[in-house]
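**Student:** what's the 3D shape of this:
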Amino acid sequence: MKILPATEANIAKAAKAILAGKLVVMPTETVYGLAADAANPEAVRRIFVVKDRPAENPLIVHIADAGQIEAIASAFPEAAQTLAGRFWPGPLTLVLPSAGSVAQECTGSAGTIAIRMPAHPVALALIRTSGRPLAAPSANRFMKLSPTKAEHIDPEIAKQVAMILDGGPSEIGVESTVVDCTNSSPRILRPGGVSRGDIEAALGGPLGSLPSHLPRSSPGMYSRHYAPRAKVLLVTRLGPEMTGLTFDEPANDRQIKMPLSPSAYASILYDCLHRLDFLGVEELAIQAPPEEPEWEAVQDRLRKASA
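**Tutor:** As a prediction, this is how the structure comes out:
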């Protein structure tokens with residue numbers, strides 16, 4: 001793999017590759033992303049090919065400065081400004097009306113654009129050095145486990161990128177929360193690194209509910225996603241012969257004891273699933289987490305992995 005330390009010189013090389021229409025894997029605090037110039041349609045289309053991603057599934061555009069919003073979104077509602085002021089840089093994505101200045105492939109069919117300002121120094125440096133907003137979905141094959149370390153990158157993806165910048169393990173460990181701000185009542189399209197409770201506290205009221213039929217204006221809206229190769233089973237408790245994740249003391253060396261903190265659990269979830277998947281087992285059993293609001297993002301990922 002073309003894994004390089006995220007030095008200033010290598011970030012400059014990565015920015016040069018981006019401007020030449022190539023793809024680069026960059027670290028973020030959520031997961032590693034497959035980055036391209038968001039205004040280059042050919043480069044953005046290449047993301048879909050490399051990931052084997054459906055064309056209808058929009059991409060998140062990453063920025064390094066709130067001033068970039070004006071160029072890529074046609075409106076920045078008050079609620080979105082409040083959330084950006086509270087949670088950016090960070091694991092929160094805002095869906096806004098698109099200004100049409102990025103490649104249409106970024107926006108899917110909804111006419112909206114998903115925007116995030118990551119809280120990772122390497123990602124921010126790459127965006128600033130390239131001088132471009134970057135389209136950067138997770139650097140995995142469609143529906144597969146997201147990478148939270150450089151070594152998690154699929155070798156087939158590694159062959160098709162200019163380089164992989166190693167920024168260490170992702171701190172958050174699951175993808176960003178996506179909030180649709182195109183209606184009068186913001187609503188969560190995908191739970192993630194910022195909790196529903198924190199968002200509602202910032203807005204001073206409850207979030208809106210999702211209609212039964214909603215265009216895919218956000219990544220992560222498929223019923224199956226974020227899945228390892230092995231079949232995932234959600235169980236009440238792991239048996240002594242099972243391989244998987246548990247809150248109890250492990251019964252064998254193929255069981256990993258997980259933390260009882262939802263944020264700590266999320267931060268290592270994908271890494272643990274990558275490690276267990278590497279064993280080549282057919283099934284992974286996961287002890288179901290508590291049915292409590294703060295576990296929403298973890299529950300979402302496990303539900304989709306086991307679908």
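
**Student:** for the chain, what spans make up the strands?
**Tutor:** Using DSSP state E, the strands of the chain run over 3-5, 24-26, 33-37, 60-62, 92-97, 112-116, 134-135, 163-166, 177-180, 187-190, 231-235, 244-246, 255-257, 283-287.

**Student:** domain ranges for this structure, per the record?
**Tutor:** With domains defined by automatic domain parsing, the chain comprises 3-203, 231-305.

**Student:** mind listing what's buried along the longest helix along the chain?
**Tutor:** Selection of the longest helix in the chain by residue count, based on DSSP state H, yields helix 262-277. Neighbour counts over helix 262-277 (16 or more other Cβ atoms under 10 Å) mark 262-263, 265-274, 276-277 as buried. From N, CA and C alone the C-beta is placed, and that goes for glycine too.

**Student:** now stretch 108-120
**Tutor:** Neighbour counts over stretch 108-120 (16+ other Cβ under 10 Å) mark Gly108, Ala110, Thr112, Ile113, Ala114, Ile115, Arg116, Met117, Pro118, Ala119, His120 as buried.

**Student:** how about the third one, what does it touch?
**Tutor:** Contacts of Thr112 were listed using Cβ atoms under 8 Å, 6 or more residues apart in numbering, and they are Pro58, Val95, Leu96, Pro97, Ser98, Asp180, Thr182, Ser217.

**Student:** near Glu292, how many other residues are there?
**Tutor:** 9 (other Cβ atoms under 10 Å).

**Student:** so what's the closest residue to it other than its chain neighbours up against?
**Tutor:** In this structure, Glu292 finds its nearest non-sequential neighbour in Pro262, 8.0 Å apart by Cβ to Cβ, 6 or more residues apart in numbering. Residues counted as contacts of Pro262 (Cβ under 8 Å, 6+ apart) are Pro289, Glu292, Glu294, Trp295, Ala297, Val298.

**Student:** how close does Pro262 get to Asp248?
**Tutor:** According to Cβ to Cβ, to the nearest Å, Pro262 stands 18 Å off from Asp248.

**Student:** one more: Phe278?
**Tutor:** Phe278 is 23 Å from Asp248, where distance means Cβ to Cβ.

**Student:** how about Pro147?
**Tutor:** 28 Å.

**Student:** tell me which of the domains of the chain lies nearest to Leu210.
**Tutor:** For the domains of the chain, the distance to Leu210 is smallest for domain 3-203, at 5.7 Å, taking Cβ to Cβ.

**Student:** please name the nearest non-neighbouring residue to the residue of the chain most remote from its centre.
**Tutor:** Here the chain reaches farthest from its C-alpha mean at Pro240, the gap being 33.2 Å by Cα atoms, centre = their mean. Spatial nearest neighbour of Pro240, excluding adjacent residues (Cβ to Cβ, 6+ apart): Ala251 at 4.2 Å.

**Student:** surely that neighbour is in contact with Thr243?
**Tutor:** No - counting by Cβ atoms under 8 Å, Ala251 does not reach Thr243; the two are 10.3 Å apart.

**Student:** more neighbours: the two, which one.
**Tutor:** In this view Ala251 and Thr243 are compared by other Cβ under 10 Å, and Thr243 has more residues nearby, 19 against 13.

**Student:** roughly how far out does stretch 5-21 sit from the chain middle?
**Tutor:** 21 Å (Cα atoms, centre = their mean, to the nearest Å).

**Student:** poorly predicted segments of the stretch 151-300 of the chain, please.
**Tutor:** Scanning the stretch 151-300 of the chain for pLDDT under 70 picks out 211-224.

**Student:** the residue nearest the centre of the chain: what's it in contact with?
**Tutor:** What sits nearest the mean C-alpha location of the chain, by Cα atoms, centre = their mean, is Glu175, with 3.1 Å. Counting by Cβ under 8 Å, 6+ apart, Glu175 touches Thr30, Val31, Pro91, Ser138, Ser146, Arg190, Gly192, Gly193, Pro219, Gly220, Tyr226.
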